[in-house]
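Q: Here is the input, now give the coordinates:
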Amino acid sequence: QMLLVESGGGLVHPGGSLRLSCAGSGLILDDYSIGWFRQAPGKEREGVSCISKADGRAHYVDSVKGRFTISKDKAQNRVYLQMNSLKPEDSAAYYCAAIRGGYSCSNYVLDEYEYWGRGTPVTVFS
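A: Okay, here's the model as predicted:
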């Protein structure tokens, strides 16, 4: 069974940091581009960042540029999202997803992502 499992979410004050982890089970993450998405209550799921399989390039949406960093650890079969300078508007469930080659991960088209994790919650509160 091919699975993605997120971890690392939690409660943090504004300005704080969290590191999310996406682990592959039965899935070699290096075979895919990996995206991070988030979904706040009552809102649509949106792309946040992705790392391309083709060239290892990292992509970020404007709202997280300079604050979030995506990275890949091939030996651990994990992709991380380091989140710094967190804001209340970053509060959401965060999901990782895997997309095969042929698609651009930075378009963040949900249907193009083949595998999804169940999410990990992030709450930024004063």
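Q: Hmm, residue 83 is touching residue 10, no?
A: No: using CB atoms under 8 Å, residue 83 is not in contact with residue 10; the gap is 10.8 Å. All C-beta spots, glycine's among them, are computed from the backbone N, C-alpha and C.
Q: intersection of neighbour lists for the two?
A: Shared contacts of residue 83 and residue 10 (CB atoms under 8 Å, 6 or more residues apart in numbering): 18, 122.
Q: Tell me where this structure has strands.
A: 3-7, 10-12, 18-25, 33-39, 46-51, 58-60, 68-73, 78-83, 92-99, 115-116, 120-124 (DSSP state E).
Q: Which one's more surrounded, residue 83 and residue 10?
A: It is residue 83, of residue 83 and residue 10, that has more neighbours when counted by other CB atoms under 10 Å, with 26 against 13.
Q: pLDDT score for that one?
A: We have a pLDDT of 98 for residue 83.
Q: oh, and call the first residue 706 from now on, that's how I've got it
A: Happy to do that; since the first residue is 706 now, the last one works out to residue 788.
Q: Tabulate the strands of the chain in CSV, adding columns for distance to residue 812.
A: Conversion of these to CSV gives the following (distance: least, CB to CB, whole Å):
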stretch, distance to residue 812
strand 708-712, 19
strand 715-717, 29
strand 723-730, 19
strand 738-744, 10
strand 751-756, 8
strand 763-765, 10
strand 773-778, 16
strand 783-788, 18
strand 797-804, 9
strand 820-821, 16
strand 825-829, 23
